[in-house]
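S.K.: Starting from these lines, generate the structure:
(chains A and B)
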Amino acid sequence: MFLFALIQAVALLALSPLMSGISRVIKARMQSRRGPGVLQEYRDIFKLLRRQNIAPEASGIISRIMPYVLLSSMLVVAMALPIVTLGSPFGVGGDLITVIYLFALYRFFFALAGLDSGSIFAGIGASREVTLGVLVEPILVLSLIVIALIAGSTNLGSISTSLATDPLQSPTATLLAMGACAFAVFIEMGKIPFDVAEAEQELQEGPLTEYSGPSLALVKLGLALKQVVIASLFVGVLLPFGNSEVLTIGSLSLAIVLFLIKLLVVFVIASLFENSLARGRFLLTSRTTWVGFGVAALAFVFYLTGL
Amino acid sequence: MGNPLQLLLISIVIYLVGAILPPLVSRSERQVIRLSAIASMVGGIFGLLASAPILMGADMMTFAVDGPFSFAHFIVRLDGLAAFMVMVISLLVVVTSLYSLSYAEEYLGKGARYMGLFMNLFIASMVALVVMDNAFYFLVFFEMMSLASYFLVITEQDDEAVSAGLLYFLIAHAGSVLIMIAFFILYKESGSMDFDSFRQANLSAPEASAVFLLAFFGFGAKAGMIPLHGWLPRAHPAAPSHASALMSGVMVKIGIFGIIKVGIDILGATSAWWGLVVLAFGAVSAVLGVMYALAEHDIKKLLAYHTVENIGIILMGVGVGMIGIATQHPVLAVVGILGGLYHLLNHAVFKGLLFLGAGSVMYRVHTKDMELMGGLAKLMPYTAITFLIGTMAISALPPLNGFVSEWFTYQALFTMSHEGSFIMRIAGPVAIVMLAITGALAALCFVKVYGISFAGAARSEKAANATEVPLPMILAMVLLALLCIALGVGAPLVSPVIANISAQLTGQAAMPVASGSLVFPGSSPQTVLSTPLIALLLIGFLTLPLLIYSIFKSQRLRHRHGGNPWACGYGYDGQMAVSAGGFTQPLRTMFAPLYRLRKTLDPSPVMSRAMQSTIRGATRAEPWWEEKVVLPIARAVLWSGKRIQWLQHGDFRLYCLYVVIALTVLMLVTVM
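M.R.: Predicted coordinates for the structure are as follows:
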C-alpha cells in the first residue's frame, strides 16, 4: 500500500504540468487565441531548468528552500488521497486535519519566500496569499467537517468509503457541503476572480517575482501540483464512485481512467469559470467568500436536522 | 536519589538560597546574576527529577504537617497534574536561566542585582503553589507569585513599565479576590481549608456553579483569557525577556491549572454547561487573541497577544474534557484534557522559545519594533533558524509539536460534534471552525513576524550591524527548538504519558492513544496520525525536487546572488519593501468590526479609571483626618493655652490663692 501511495504521488506530480497545459489551452481558446500546445508547461519547465538561478541580494535561505518545501508537502498530501482506491493509500497522513495543516505548511513557506526577497510585489503577493488562506480555510474546514460528521470519521479514506457505499445518509447536507467545498477548491486553485489570469499568481506572480531558472521551474511544478492535489482531494473524497476497493489490475485501471476523466472535468469547469469572470477587487474578496461560508454553514444546519 | 518529595524540597530550597544568598555574598552585580541563574538552573533540574517518576506512572505522594496555624494544615500533594506542572515549570526554568546567564547583562546597573532574587522567588512560589493541597497556603503562594512577577514587570522602572505593572497588579488581585471568595464558600461547606475536604464537600448545584464561576473568572484573569487579558500585552513586554518567557510560558498556565484544579479535581465537573462556558471563552480568546496580535508591530506585545490565543486553545481542550466528564463520555474527557495539557506543555516550549528569540533580537538591535529589524537571518543565523522552528510550531504546522496538540483538540471536538447531545453537536463544529480560523491567522501572523524581522533586507542601521548572540543564549534557544521537534515527532511516546495524567484526573480508566508510530484519539481508532512518518516523508520527498534540480546542472551557469529586486525599472529602495502594517492591512480591513470590539471588551480603561478615582478619593480622604480632627484640636489647645496665659504671673501668693479656690470648688463638688 505504501509503495502504491508513493507511485500515486509521483504520478500526480508527473501529471500536473499537463493539467496546467490544458487550462492554458482552454484559456487561449476562450480568448480567441491560438495559444500554446498542451505540453507547453513541460517545455517551460525543461527550459527553465537550463537557465541560471538568480536571486536578489536580500534573499536568504527561505527563498532557497521554499520550492522544495512546496513540493514535499504536496507530495505527502498526494500520497494520502484516496483517488483510485476507496481507502486512503497512506492512512497515517490521511486525516482531514493533517491534510489541511499540510496545506498550511505549503502556504507558510510560499508567503515567507515572498517577504524574503525584499521585493515590493512579492511582499504584497505574500500578504494576499495568506489573507486568502484565512478566508478559504474556514469554508474548506466546515464543509469537509460536515461530510466527515456524516461519515463519522475525519479520515479521508473513511469519508470516501462512506460516501461510496452509503451516499444518502444526509443528502441535502452532503450536496450543500460539496458545493461549498467546490467553491473553496476553486479559490485554492488560484483562479479568477481571486487571482489574475495574466500573472498566474497575481501581482507580477506575487511571491514568485524574484524567482528564476530551475528554482522557478520547481515552484511552477509545485503550484501545478497543488492545483492537481486540491482538485483530486475534491473528486477523490467527495466523488468516490468507481474507486476500487481491492487492488486488482482490472478495477484499478478502470478507477484510474475514471479518476482522470473526473479530474479533467474539474479542470475544464474551473477554466470555464475562470475565463468568464472578471478579476475582483482584493479588499472585497471577503464579501464573496462569506457566501461560500454561508453555504457551508447551511450544510451544517441541514446535517443537524438530518436532511 | 531521594524520593520525589525530597527532590522537590531540595529544588525549592535551592531556589530560595539562590534568591537570598547571591546579593548578600557578592558585591559584583555580574556575579550575583550568574549565581542566582545557576541556582535556578540546578533547582530546575531537581524539579525535573522530582516530577519524572510520577509522570512515568508512580503513585501520587502526599506529605502533611500541621504547621504553625491551627486552621491550615501544610499539605503537599504531588499527583499527576501537579507533577506535570512541576515538569513544565522546571523545564522552562532550566532553559531561561541558562539564557539569562548572558542576557541579564543587559540589565547591569538597571536593577540586575535584585532580578535574580525576584526570579527565584517567583519560580519557588509557582512550584510550591502547584503541589499545595490546602487553600490557605495555595493563596499565600499565589499572592507571592503575583507579587514577585509584579517586581519583574517593573524592572525597567520607566513610565510604561510602572503603569503596566500597576494594571497587572490590579487585575491579578481582582482575580485573587474572586478565588478567595470561591475558597471561602468551599470552606464554609466543608469546615476545613484542605483541598481534600473540599473534594468531599457536599455542595448544592447552584453553590457548586457559583464556586466554579468565581474560580473560573478569578483564574481566568491570571490566565489572560478574553475579556480579562488587558494586562497581558502590557505586562509581558515590560518584563525582561527571560522573565516574559516564564510569565507567558508558565505563569499564565497557573491560571489554567487553577481552573482544572477547581473545576475538575475539586468540584468534579458535574455540570456540562461549565465545560461549554470554558469552551466558549476559549474559542473567543483564541480568535480575538490572534486577531489583535496581527495588528501589533511590537514583537513582544504581539507574542503576548498570541499567549491569549494559545490560552484559548488550551481552554478549548479543557472545556471539551469537562463536558466529557459531566456527560460521562470517557473518550471526550480523556482526549479533551489530553489536548489541553499537551498544548499547555507545547505552548510553554514554543512561546518560551519565541520570547527568548525576541529577547536575542532586542539584545542586539535594542528595539521591540519589528519595522526596525529585517535581514537578521543572515547576521544571526542560529537565532533565526530556532525562531523559525518556533514560528512553525506555534502556527501548528506538521510535524511540530503545536500541530499534535491541536490535532487532539480537533479530534476531541469532532467526537463531541458526532456523539454529543444537541447543544454539543452545535458547539463542536463552531469551535472547530474557530480553531481553524485561529490556525490560519496564526500562520499569517508568524509569516509576518519572521518575514519582517528576519527575512529581507535590514530596515535600520542597528539591524544591519547586528551580530549573533553569546553561546548560552544560543544554547537555550537550540534546546527549546529541539524540544519543539521532539514533542511533535515523538508524539507517540509523549501522548500516552499525558493521557495517563488526563485519565487519572478525569477518573477514567487508562485509554490507549498511541501504538507504534501512531497516535489516535481514544479507544476506537477512527482516525490515526503518525508524526514520525510524516516527518520522514517530508524530509524524504525533498530528494525528488533535488533530483529535478540537478537535471541539466552541467549546462547551467552558477547560481548568482546579488543586486536589487525588480521595481518596475525604478531605482530600488529598501523602504519600498512591504511593512508589517501593510502586510496585514487587507485582513484588518476585512475584519474591522472585530478590532472595534477590542476597545469595548478591554477592561483595562475601566480599571485605570477606577484606579484614578480611587487615588483621587484617597488624596482627598487622606488629609481629612488631619485637617478635620487633628489640626482643629491642636488649634483649640493652642488658642486656649494663650487665653489662660494671664493666669501665670509668677506671683507666689496668687498661686496659693488658686490652690485655695481649687480646693473649695472640689469640696463643694463632693458635698453636692
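S.K.: Hmm, B:Phe212 and B:Val262 touching each other?
M.R.: Yes: assessed by C-beta atoms under 8 Å, B:Val262 is found in contact with B:Phe212 at 6.6 Å. In short, each C-beta sits where N, CA and C put it, glycine included.
S.K.: shared neighbours of those two, anything?
M.R.: B:Ala182 (C-beta atoms under 8 Å, 6 or more residues apart in numbering or on different chains).
S.K.: next one: the one helix or strand B:Ser163 maps to to chain centre, how far?
M.R.: Taking DSSP states H and E as the definition, one finds B:Ser163 inside helix B:159-190. Taking C-alpha atoms, centre = their mean, to the nearest Å, one finds the center of helix B:159-190 at 15 Å from the center of the full chain.
S.K.: And the next helix or strand past that helix?
M.R.: Next helix or strand after helix B:159-190 toward the C-terminus (DSSP H and E): helix B:195-200.
S.K.: got the contact list for the helix or strand following that next one?
M.R.: The helix or strand immediately downstream of helix B:195-200 is helix B:205-223, counting by DSSP H and E. Helix B:205-223 has contacts (C-beta under 8 Å, 6+ apart) with B:146, B:171-172, B:174-179, B:181-182, B:185-186, B:189, B:203, B:228, B:251-259, B:262-263, B:267, B:270-271, B:274, B:277-278, B:281, B:311, B:315.
S.K.: Give the PyMOL command for selecting the buried subset of these.
M.R.: Buried residues among the contacts of helix B:205-223 (16 or more other C-beta atoms under 10 Å in any protein chain shown), as a PyMOL selection:
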select buried, chain B and resi 146+171+172+174+175+176+178+179+182+185+186+189+203+228+251+252+253+254+255+256+257+258+259+262+263+267+271+274+277+278+281+311+315
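S.K.: got the contact list for B:Ser421?
M.R.: B:Ala272, B:Thr327.
S.K.: With B:Leu21 instead?
M.R.: B:Leu21 neighbours (C-beta under 8 Å, 6+ apart): B:Leu35, B:Ala39.
S.K.: hang on, it in a strand?
M.R.: No: counting by DSSP: H, G, I helix; E, B strand; the rest coil, B:Leu21 is not part of a strand but helix.
S.K.: how near is it to A:Ile249?
M.R.: 78 Å (C-beta to C-beta, to the nearest Å).
S.K.: Same check on A:Gly114?
M.R.: Distance check for A:Gly114 against A:Ile249: by C-beta to C-beta, it reads 45 Å.
S.K.: With neighbour numbers in mind, choose between these two.
M.R.: Comparing A:Gly114 with A:Ile249 by neighbour count (other C-beta atoms under 10 Å in any protein chain shown), the higher total belongs to A:Gly114, at 37 against 8.
S.K.: The more buried one and A:Val130 touch, don't they?
M.R.: No: counting by C-beta under 8 Å, A:Gly114 stays clear of A:Val130, with 9.2 Å between them.
S.K.: Centre-most residue in the chain?
M.R.: Picking chain A for this. Centroid check for chain A by C-alpha atoms, centre = their mean gives A:Ile230 as the closest residue, at 2.7 Å.
S.K.: that's the wrong chain, I wanted chain B
M.R.: Central residue of chain B (C-alpha atoms, centre = their mean): B:Val252, 2.4 Å from the mean position.
S.K.: Go through the chain and flag its longest helix.
M.R.: All of this is about chain A. The helix that spans the most residues within chain A, counting by DSSP state H, is helix A:120-151.
S.K.: wrong one, chain B
M.R.: Across chain B, the longest stretch assigned as helix under DSSP H is helix B:330-365.
S.K.: That helix vs chain A: in contact?
M.R.: No: against chain A, helix B:330-365 shows no contacts by C-beta under 8 Å from any C-beta of the partner chain, the least distance being 11.8 Å.
S.K.: going on from that helix, what's the next piece of helix or strand?
M.R.: Tracing the chain past helix B:330-365, the next element assigned as helix or strand by DSSP H and E is helix B:376-379.
S.K.: Check which helices and strands that next one is in contact with.
M.R.: Using 3 or more C-beta pairs under 8 Å, 6 or more residues apart in numbering or on different chains; DSSP states H and E, the elements in contact with helix B:376-379 are helix B:381-394, helix B:461-464.
S.K.: now the first one against helix B:330-365, angle please.
M.R.: Counting by axes from the mean of the first three to the mean of the last three C-alpha atoms, to 10 degrees, helix B:381-394 lies at 150 degrees to helix B:330-365.
S.K.: do helix B:381-394 and chain A meet at all?
M.R.: Yes: Helix B:381-394 lies within reach of chain A by C-beta under 8 Å from any C-beta, at B:Leu388, B:Met392.
S.K.: That helix: which residues count as buried?
M.R.: Across helix B:381-394, burial judged by 16+ other C-beta under 10 Å covers B:382-394.
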